[in-house]
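Visitor: Sequence and predicted structure below; questions after.
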Amino acid sequence: MNQRLLVSVRLLMIVFVLALLIAAPAAAQTLAPAPGKAPATVKKWTAKTPDGQPDLQGFWTNSTYTPFQRPNGVTKEYYSAEEAAKLETQAAEREAEQTEPGTIADVHYDFTQFGLDRSESTHVSSVRTSMIIDPSDGRLPPVTPEGQKRQAERAAERRRMGATTDQVQNMPIGTRCIIMAGSGPPMMPAGYNNNYQIVQGQGYVMILTEMIHDVRIIPLDGRPQLPKNVRQWIGSSRGHWEGDTLVIETSNFNGKNPFQNGSEDMRIVERFTRLDADTIDYRFTVDDERTWSKPFTAVLPLVRGVGPIFEHACHEGNYGVRNTLAGARVEDAKKAGEAAAKKTTK
Amino acid sequence: MQTLFRGLMVVTVLTLVAATALAQAPAAGPAGQAAPAAAPAYRAPRTADGRPNLNGIWQAVNEANWDLLPHAANFGRVVALGAEDAVPPGIGWVDGGEIPYLPAAAAKKKENYDKRLTLDPEIKCYLPGVPRAMYMPFPFQVIQSKDVIMMVFEYAGAVRTINMGKPTEAPADSWMGWSNGRWEGETLVIDTTGFNDMSWFDRAGDFHSDELHVVERISAASPDLLNYEATIEDKNTFSKPWKITMPIYRRKEKNAQIMEFKCVEFVEELIYGNLRKPGTQPPPHN
């Protein structure tokens, strides 16, 4: 077993080096600003699966430093190439600092050391100042009064439940290995492991997210959504082709992990358009009148990633939750002991 | 009267014999040829790239997840759950009716069985491993492309990625193993290695080590039926390879789909409840 493990580690290292080699050109590529509708400006990609679907298959990543909302003080839609490169370098430096030995952040495993951070893996280098393209200011639309009330109630409920270390149910959903941002919808990049595999079978598109081995299976046969009372973490998705664009409509969220603090009645329309061998244009529109005064649209490309995707058995190896809670209980006992000692001395 | 009855009997028997012969005729043809007896007589519809089409939503409708071996109904593990937790009886799916455990492993299996309420990985929503994933009482979906066949399981959202290209070696051990597949005529043959030693085969404590090697053979027997067999080999645990055989059925409901069974949430109190801050309560659920 030890020898086998060694071999495995070596293999992983080879995979890792290969990944870096492949990542380098992709990381260097800067997606040119495409004013207006991006797909129209690029040569049409026509590859089809054997049963005639436009071919989206393969390994993809949406890793990027582009923020979801346009940073305060930025008024333009695109940076110059120089500005974008400088911002990316600065962000990568901050990421590396985050895991500087001896800092609290370093108690987490050092993801820069293992090449998991964005700068060391394949990612999209975009000159966009935000993923949001509509509204044109690159920011979320104003929150409705109902949305504001709900957000205040959620915050109050979180306070009532106590500290995140009081009980596992107070911890973030990702820490608990239930769902992470990458699964979506919408499929949003996180700090690391933003890897996907798309496989198309007869009548279905399947999207495997590396994190928590989450799978979306999207039927293309025009069937209705699940009944309204059946709600899921990833909602209920139905797809169809509009020309060469895969359109997925999702509703029926369970409201326990709402995207951007929206409501469980959020509807999301995602569009996947293959631009070339290495790029899918991915954009999505969120419609949730209970939370925002109008729908908003964001765009972030998927670029060709590196496979295969290995099993991410998150829950099975979740020592983080156990150790955090156990540590907090030790702290509690220590404090209780100190308090008791103080009382005795008095 | 008696003569008439006898006459009727003769006619009936003759009719039955003829009907049986007719029904068997198509199967008897190819089976009678040089082809091996195990070769499926049924030719599955093809995918666009010409392979047997195994796409669909499938489920083994049996009691193997409780115990792969022949077993009578039995008490459950949790008194409060009464008949809901009782073990449903099963006819058994192991060829020869016996799992050839090495002596130490037989003792371990017994210990697993005795402590199954706390040790069965299914109770903690852990990934089911292989072949257990194939006969959990949940459906799974096959999504078949030329280069890869995905199996997506409703239970715990488990996934198997079956590489149909040049075989590759497992980069590290995992719960669901590392699968390389190939077509042998009508049969999908999947060779899986790279397992960790943490999954079980059933709730009865049948287990394996990280030397587990599973070879599965899957072929369509009719449009809605798969023949499934898995040969299980593990030199640390078994004295010889052994085999399970079972049918797997297509889920025929209109709009059948794999739904979400993210069971982590359902087991958090069980796993981490002892670490909650005294005086706090889990959020209500119904």
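Guide: Arrived safely. Treat the numbers as computed from the prediction; the structure is a model and nothing was measured.
Visitor: got a list of what A:D288 touches?
Guide: Listed by Cβ atoms under 8 Å, 6 or more residues apart in numbering or on different chains, the contact set of A:D288 reads A:262-263, A:265-267, A:295. The way it works is simple: take the backbone N, C-alpha and C, and place the C-beta from them, glycine included.
Visitor: Nearest residue to the closest residue to chain A within the stretch 51-200 of chain B in space, ignoring adjacent ones along the chain?
Guide: Nearest residue of the stretch 51-200 of chain B to chain A: B:I143, at 3.6 Å (Cβ to the nearest Cβ). The shortest distance from B:I143 to any non-neighbouring residue, by Cβ to Cβ, 6 or more residues apart in numbering or on different chains, is to A:G201 (3.6 Å).
Visitor: now A:H213
Guide: Closest to A:H213 by Cβ to Cβ, 6+ apart is B:V159, at 4.9 Å.
Visitor: Next, residue 192: secondary structure please.
Guide: Since you didn't name a chain, this refers to chain A. coil (DSSP: H, G, I helix; E, B strand; the rest coil).
Visitor: The chain in question should be chain B.
Guide: Taking three-state DSSP, the label given to B:T192 is strand.
Visitor: swap in B:S179?
Guide: Going by three-state DSSP: B:S179 is strand.
Visitor: so it touches B:I190, yeah?
Guide: Yes. Between B:S179 and B:I190 there is a contact under Cβ atoms under 8 Å: 5.2 Å.
Visitor: And the strands in the chain?
Guide: Unless you meant another one, I'm taking chain A. A:30-31, A:58-61, A:125-126, A:132-134, A:195-201, A:204-209, A:214-219, A:236-242, A:245-251, A:267-276, A:279-287, A:296-299, A:302-304 (DSSP state E).
Visitor: that's the wrong chain, I meant chain B
Guide: B:56-59, B:140-144, B:148-153, B:159-163, B:178-184, B:187-193, B:213-222, B:225-233, B:242-250.
Visitor: which residues sit against the fifth one?
Guide: This means strand B:178-184. B:51-52, B:130, B:149, B:160-164, B:167-171, B:188-194, B:217.
Visitor: Show me what counts as buried in that strand.
Guide: For strand B:178-184, the neighbour count (16 or more other Cβ atoms under 10 Å in any protein chain shown) marks B:178-181 as buried.
Visitor: Over to the last one?
Guide: For strand B:242-250, burial by neighbour count (16+ other Cβ under 10 Å) applies to B:242, B:244, B:246, B:248, B:250.
Visitor: and which of these is nearest B:A104?
Guide: In terms of Cβ to Cβ, no member of the buried residues of strand B:242-250 lies closer to B:A104 than B:W242, at 17.1 Å.
Visitor: what about the closest one, distance to chain A?
Guide: Using Cβ to the nearest Cβ, to the nearest Å, one obtains 23 Å as the distance from B:W242 to chain A.
Visitor: mind checking how far that residue is from A:H312?
Guide: Note on B:W242: its distance to A:H312, by Cβ to Cβ, to the nearest Å, is 31 Å.
Visitor: next one: A:A91
Guide: 25 Å.
Visitor: out of these two, which sits in the more crowded spot?
Guide: A:H312 (20 against 16; other Cβ atoms under 10 Å in any protein chain shown).
Visitor: Next to chain A in this structure, residues from the stretch 51-200 of chain B, please.
Guide: Residues of the stretch 51-200 of chain B found near chain A (Cβ under 8 Å from any Cβ of the partner chain) are B:53, B:55, B:125-127, B:141-148, B:150, B:152, B:157-159, B:161, B:163, B:168-176, B:198.
Visitor: I'd like the average pLDDT over stretch B:92-101.
Guide: Mean pLDDT, computed over stretch B:92-101, is 97.
Visitor: Would you mark the buried spots in it?
Guide: Of the residues in stretch B:92-101, those buried (16+ other Cβ under 10 Å) are B:92-94, B:99, B:101.
Visitor: same deal with stretch A:168-188?
Guide: In stretch A:168-188, counting by 16+ other Cβ under 10 Å, buried: A:168-171, A:174, A:176-188.
Visitor: Of the buried residues of strand B:242-250, which is the nearest to chain A?
Guide: The closest of the buried residues of strand B:242-250 to chain A turns out to be B:R250 (Cβ to the nearest Cβ; 13.6 Å).
Visitor: show me what contacts the closest one?
Guide: B:56-58, B:223-225.
Visitor: Likewise for A:I133?
Guide: A:I133 neighbours (Cβ under 8 Å, 6+ apart): A:77, A:283, A:297-299.
Visitor: I'd say A:G52 and B:T47 touch.
Guide: No. Using Cβ under 8 Å, A:G52 is not in contact with B:T47, being 11.9 Å away.
Visitor: If you count surrounding residues, which of these two has more?
Guide: Here A:G52 and B:T47 are compared on neighbour count by other Cβ under 10 Å; more neighbours surround B:T47, at 19 against 9.
Visitor: For the nearest residue to that one once chain neighbours are set aside, the count of nearby residues, please.
Guide: In space, and not counting its chain neighbours, B:T47 is closest to B:N53: 4.7 Å by Cβ to Cβ, 6+ apart. Neighbours of B:N53 under the rule other Cβ under 10 Å: 18.
Visitor: how close does B:N53 get to B:E184?
Guide: When B:N53 is compared with B:E184 (using Cβ to Cβ), they lie 16 Å apart.
Visitor: Is the residue of the stretch 101-250 of chain A found nearest chain B bridged to anything, and to what?
Guide: At 3.6 Å from chain B, A:G201 is the closest residue in the stretch 101-250 of chain A, using Cβ to the nearest Cβ. Using DSSP bridges, the bridge partners assigned to A:G201 are A:Y204.
Visitor: What is the neighbour count of it?
Guide: Neighbours of A:G201 (other Cβ under 10 Å): 24.
Visitor: Can you measure across stretch A:255-270, start residue to end residue?
Guide: 19 Å (Cα to Cα, to the nearest Å).
Visitor: sorry, back to before: now do the shared contacts for A:G52 and B:T47.
Guide: With Cβ under 8 Å, 6+ apart as the test, A:G52 and B:T47 reach no residue in common.
Visitor: Make sure the residue nearest to B:I143 is actually in contact with B:Q144.
Guide: Yes. Counting by Cβ under 8 Å, A:G201 touches B:Q144, with 4.9 Å between them.
Visitor: Can you work out which residues contact both of the two?
Guide: B:55, B:150.
Visitor: That concludes my questions; thank you for your assistance.
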